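**Q** sharing a model that was predicted from the sequence below.
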Protein chains: 2
Amino acid sequence: MDSCVVPLKHGGLSLVQTTDFFYPLVEDPYMMGRIACANVLSDLYAMGLTECDNMLMLLSVSQRMSEEEREKITPLMIQGFRDAAEEGGTTVTGGQTVVNPWIIIGGVATVVCQPNEFIMPDSAVVGDVLVLTKPLGTQVAVNAHQWLDNPEKWSRVNTVVSREEVELAYQEAMFNMATLNRTAASLMHTFNAHAATDITGYGILGHSQNLVKQQRNDVSFVIHNLPIIAKMAAISKATGQFGLLQGTSAETSGGLLICLPREQAVHFCSEIKSSKYGGGQQAWIVGIVEKGNRTARIIDKPRVIEVLPRGATASVLTSVLQNPAHEMKW
Amino acid sequence: MDSCVVPLKHGGLSLVQTTDFFYPLVEDPYMMGRIACANVLSDLYAMGLTECDNMLMLLSVSQRMSEEEREKITPLMIQGFRDAAEEGGTTVTGGQTVVNPWIIIGGVATVVCQPNEFIMPDSAVVGDVLVLTKPLGTQVAVNAHQWLDNPEKWSRVNTVVSREEVELAYQEAMFNMATLNRTAASLMHTFNAHAATDITGYGILGHSQNLVKQQRNDVSFVIHNLPIIAKMAAISKATGQFGLLQGTSAETSGGLLICLPREQAVHFCSEIKSSKYGGGQQAWIVGIVEKGNRTARIIDKPRVIEVLPRGATASVLTSVLQNPAHEMKW
């Protein structure tokens, strides 16, 4: 598990805590702050926790930036982080900043709760289905977007994708990464989720494998469908990099992969779409839980669901566009 | 305050949390791990908290090290960090590691407690005295030790200090930095401490100023005595750097500066020395609390107490020397 759960001496309470820090991957420092915060909180959301008692921010400012660059960029990253924390119902109360060759941003999310407030990710049963709450392909989109300025790399993919499609995919990836998995966490309780994980660095297959190993029942996960940001599957195929169709492409601040009772999964997917907070977020049934020895796999020819950019209807997009800070590029 | 205190919705409990991370400053990776952990815990100890419910470790491994160097050094840093955490009665349950140009080590310490378990650092009264639990001069000692290999820099101080004295001071600084302030935290309760801070990057004067500003009573702090690792005052004077006698020289994992009732302070100092866990740790009365407008100052000609190396009697030294890992240098 990415979160640790520590029993406390007081009143049967548990401390659930997670930390994450990494390097910028989008050009907009405000959005980068939001993404970092969403990524930290995601580990709590994967346990069905919807509240966070405290958030600390970890930041390193690059010594290679000029004074002016630092003064422009740092407050924007912090603001993005704070805004996402606020959207998550928590406050950044402290942290630590250092100077470093590379920019680093991350945080520590902490919640103290009753054991019934979180869902231990170990109770999948045969017949459950697997639901994914964000499309895959964030890493491919971020990389392809960098290639727009690199003729040699761009020439390897320009037969399968246009510049406009890459630009749209990048925007979609950015807004997905900045979207909190909080609504999904809340709906995990409503629809009796049995287990969940968030999809990050190990890709959907890696995290499925981690999750299935923790199950108490003799189950295996089989993934049939791969919802992928439009055109990113083609790029992954054309380059032979990433392993997006093999489920091994890294994601940042990806969706939750949730084991739900079959009869609840459809309701989950329609509810997340209509939720005020989900903001038109989509979810897909991507696989099933069958009897097995705790392995996870993707079927031979999975169905790729090309997920088209949502455009400006997403709530995160709307709230971000209302914030003038999002205009800053670096 | 370096720690944040967040009221929780459960049973009148508070969440107290602190994070710190920084760069290595001693050559021994095992000791560096211990120092990093002691430094993180120190913020809790400054509030009289002696227990820590959870510790996360933050680590960045340098991409400039060879595979072999990484494999040697990283486990030692982690072991040092873990051993110090264990000495603090807590366990490292998780964390995050990244690759970075520079090595970074730090952590996040968290405790959930009743309000009566910690001492808010705001209740100093006129007539209190200020007690310091570790000698000053760690930064000077660490720097002077580096100068041993730099003829030009060494020539600036070799008239006031010998190589042997620098070597001893460095060892003393290293063991002091690796010593937990836990005994001091515990004795804060025994002897009714009114407020405390730990001495780190802003030096004794800077942290005194921070502490005095938080006081509820109209008080000022006046510092008369400066306990300093032997010969470090001379180096600070000779180089004109550091500002050790002005109280502005940075410390790492420094001692606690504690406001104690006058009649209790002597008992505090003798108790910390005889404590099984304090391991011969010394403490000094360094100043007084008088009526004032929340300022802190060092008198014109403070008395410098030359603190001689303790040698192998210190418990931390003993426990470290029993651990073969301490032999590793990098």
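**A** Thanks, I have it.

**Q** following the helix of greatest length in chain A, which helix or strand comes up?
**A** When chain A is parsed with DSSP state H, its longest helix is helix A:67-87. Per DSSP states H and E, helix A:67-87 leads on to strand A:92-100 as the next helix or strand towards the C-terminus.

**Q** taking helix A:67-87 as reference, get the angle to that following strand.
**A** 150 degrees (axes from the mean of the first three to the mean of the last three C-alpha atoms, to 10 degrees).

**Q** which neighbours does the following helix or strand past strand A:92-100 have in its sheet, and in what orientation?
**A** Counting by DSSP H and E, the element after strand A:92-100 in chain order, helix or strand, is strand A:104-113. Strand A:104-113 sits in its sheet next to strand A:14-22 (antiparallel), strand A:54-62 (antiparallel), going by DSSP bridges.

**Q** follow-up on the earlier one: which strands and helices sit next to the longest helix of chain A?
**A** helix A:29-45, strand A:54-62, strand A:92-100, strand A:104-113 (3 or more C-beta pairs under 8 Å, 6 or more residues apart in numbering or on different chains; DSSP states H and E). For every residue, glycine as well, the C-beta is placed using N, CA and C.

**Q** average pLDDT for the third one?
**A** Here the mean pLDDT over strand A:92-100 is 90, rounded to a whole number.

**Q** how about stretch A:129-137?
**A** The model assigns stretch A:129-137 a mean pLDDT of 98.

**Q** and for A:Lys273, the neighbour number?
**A** 14 (other C-beta atoms under 10 Å in any protein chain shown).

**Q** kindly apply the preceding question to A:Val222 instead.
**A** The burial count for A:Val222: 18, using other C-beta under 10 Å.

**Q** for A:Leu168, which non-adjacent residue is closest in space?
**A** Distances taken as C-beta to C-beta, 6 or more residues apart in numbering or on different chains place A:Pro309 nearest to A:Leu168, at 4.7 Å, with adjacent residues excluded.

**Q** buried residues in the longest helix of chain A, which are they?
**A** A:70, A:73-74, A:76-85, A:87 (16 or more other C-beta atoms under 10 Å in any protein chain shown).

**Q** again, but for stretch A:162-181
**A** A:165-166, A:168-181.

**Q** wait, A:Gly33 touches A:Ala85, no?
**A** No. Here A:Gly33 does not reach A:Ala85: they are 9.4 Å apart, not a contact under C-beta atoms under 8 Å.

**Q** please report the distance of the residue lying closest to A:Leu136 once chain neighbours are set aside from B:Arg310.
**A** Nearest non-adjacent residue to A:Leu136, counting by C-beta to C-beta, 6+ apart: A:Ile228, 4.9 Å away. Applying C-beta to C-beta, to the nearest Å, the value for A:Ile228 to B:Arg310 is 63 Å.

**Q** more neighbours: which of these two?
**A** Taking neighbours as other C-beta under 10 Å, A:Ile228 and B:Arg310 compare with A:Ile228 leading, 26 against 18.

**Q** quick check: beta-bridge partners of A:Ile229?
**A** Under the criterion used (DSSP bridges), A:Ile229 bridges to A:Val307.

**Q** secondary structure class for A:Glu271?
**A** Of the three states, A:Glu271 takes helix under DSSP: H, G, I helix; E, B strand; the rest coil.

**Q** burial of it, as a residue count?
**A** Neighbours around A:Glu271, by other C-beta under 10 Å: 18.

**Q** check contacts around it.
**A** Each residue near A:Glu271 by C-beta atoms under 8 Å, 6 or more residues apart in numbering or on different chains is listed here: A:Leu187, A:Thr190, A:Phe191.

**Q** mind checking how far the second one is from A:Ser162?
**A** The reference is to A:Thr190. For A:Thr190, the distance to A:Ser162 - C-beta to C-beta - is 41 Å.

**Q** cool, A:Asp128 as well?
**A** 39 Å.

**Q** what of A:Leu187?
**A** Taken as C-beta to C-beta, the span from A:Leu187 to A:Ser162 is 36 Å.
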